[in-house]
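Q: sequence plus predicted model, see below.
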Amino acid sequence: DQQVKQNSPSLSVQEGRISILNCDYTNSMFDYFLWYKKYPAEGPTFLISISSIKDKNEDGRFTVFLNKSAKHLSLHIVPSQPGDSAVYFCAARHSGGSNYKLTFGKGTLLTVNP
Amino acid sequence: NAGVTQTPKFQVLKTGQSMTLQCAQDMNHEYMSWYRQDPGMGLRLIHYSVGAGITDQGEVPNGYNVSRSTTEDFPLRLLSAAPSQTSVYFCATTGGLSYNEQFFGPGTRLTVL
């Protein structure tokens, strides 16, 4: 049973436009959510996170929105740049757990076209 | 400050062989984890450690062994390699002021024939 779902395997956008990556979760005990970016042949790198007590967190071009009632979060990248092309993983932490025990989605490949 | 290092980068094994994937960190983080990434599967937790001498199982521990004798090192052992263990393996650490995120190593790509 997949508890963190990224239903879009891939997304293609034009440079300068907005990229929206979506993530759904089923476990209501998740209390902290993270987004990681991964380039080929490299390890994932932390991008941005949000606690379940918030509905928005912003860091430069990256904003994460959380809708707890819908068990849905999204990552917005504005404006998108070719260097943003990578696989993006959504991850969740169980309440009372720790960040060494994350549950990951399958990832979405973002391609930003010049 | 190298962060998280993993060796080897690539490895090819025959079924039944054993080997150890190495992971080392110089960030003095107390928590370390091993994940595997398979196509279309995301990252899945194999084993983790909350400190030297303390390890526990994650989501997919079968066929793997770990130990944590020092804060810096967290090796992952494949006891008898199987083709189903063909994957990319990532080591990750967290702790201290960086408690809210995990830092990942560059990965080891393992092929079992």
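A: Received the coordinates, thanks. As the structure is a prediction and not an experimental result, all values here were calculated from the model. Residues are numbered from 1 along each chain as shown, chains lettered A, B, ... in the order given.
Q: pick out the residue of chain B closest to chain A.
A: The nearest approach of chain B to chain A comes at residue B:104, 3.3 Å away (Cβ to the nearest Cβ). Bear in mind the C-beta positions are built from the backbone N, C-alpha and C, glycine included.
Q: pretty sure that residue contacts residue B:91?
A: Yes. Between residue B:104 and residue B:91 a contact is recorded at 7.2 Å, counting by Cβ atoms under 8 Å.
Q: one step back: for the residue of chain B closest to chain A, the count of nearby residues, please.
A: 23 (other Cβ atoms under 10 Å in any protein chain shown).
Q: residue A:22 versus that one, what's the distance?
A: Distance of residue B:104 to residue A:22, computed by Cβ to Cβ, to the nearest Å: 23 Å.
Q: still on that earlier bit, overlap of the contact sets of residue B:104 and residue B:91?
A: Residues touching both residue B:104 and residue B:91 (Cβ atoms under 8 Å, 6 or more residues apart in numbering or on different chains): residue B:4.
Q: I'd like the distance between the nearest residue to the residue of chain B closest to chain A once chain neighbours are set aside and residue A:18.
A: Nearest residue to residue B:104, sequence neighbours excluded (Cβ to Cβ, 6 or more residues apart in numbering or on different chains): residue A:43, at 3.3 Å. Distance, residue A:43 to residue A:18, using Cβ to Cβ: 27 Å.
Q: repeat for residue B:2
A: Counting by Cβ to Cβ, the gap from residue B:2 to residue A:18 is 36 Å.
Q: what does the lowest-mean-pLDDT helix or strand in chain A rub up against?
A: Lowest by mean pLDDT, DSSP states H and E among the helices and strands of chain A is strand A:102-104, with a mean of 90. Identification of contacts with strand A:102-104 by Cβ under 8 Å, 6+ apart yields A:3-4, A:27, A:30, A:34, A:36, A:89-94, B:35, B:42-45, B:102.
Q: swap in 10 Å and give it another go.
A: With Cβ atoms under 10 Å, 6 or more residues apart in numbering or on different chains as the test, strand A:102-104 has contacts from A:2-4, A:6, A:25, A:27, A:30, A:32-34, A:36, A:44, A:89-94, A:97, B:33, B:35, B:37, B:41-45, B:48, B:58-59, B:92, B:94, B:101-102.
Q: so what's the nearest residue to residue A:26 once chain neighbours are set aside up against?
A: Nearest non-adjacent residue to residue A:26, counting by Cβ to Cβ, 6+ apart: residue A:3, 5.2 Å away. By Cβ under 10 Å, 6+ apart, the residues touching residue A:3 are A:24-27, A:29-30, A:92, A:94, A:103-105.
Q: repeat the analysis, applying 7 Å as the threshold.
A: By Cβ atoms under 7 Å, 6 or more residues apart in numbering or on different chains, the contact set of residue A:3 is A:25-27, A:103.
Q: since that was my last question, I'll sign off now.
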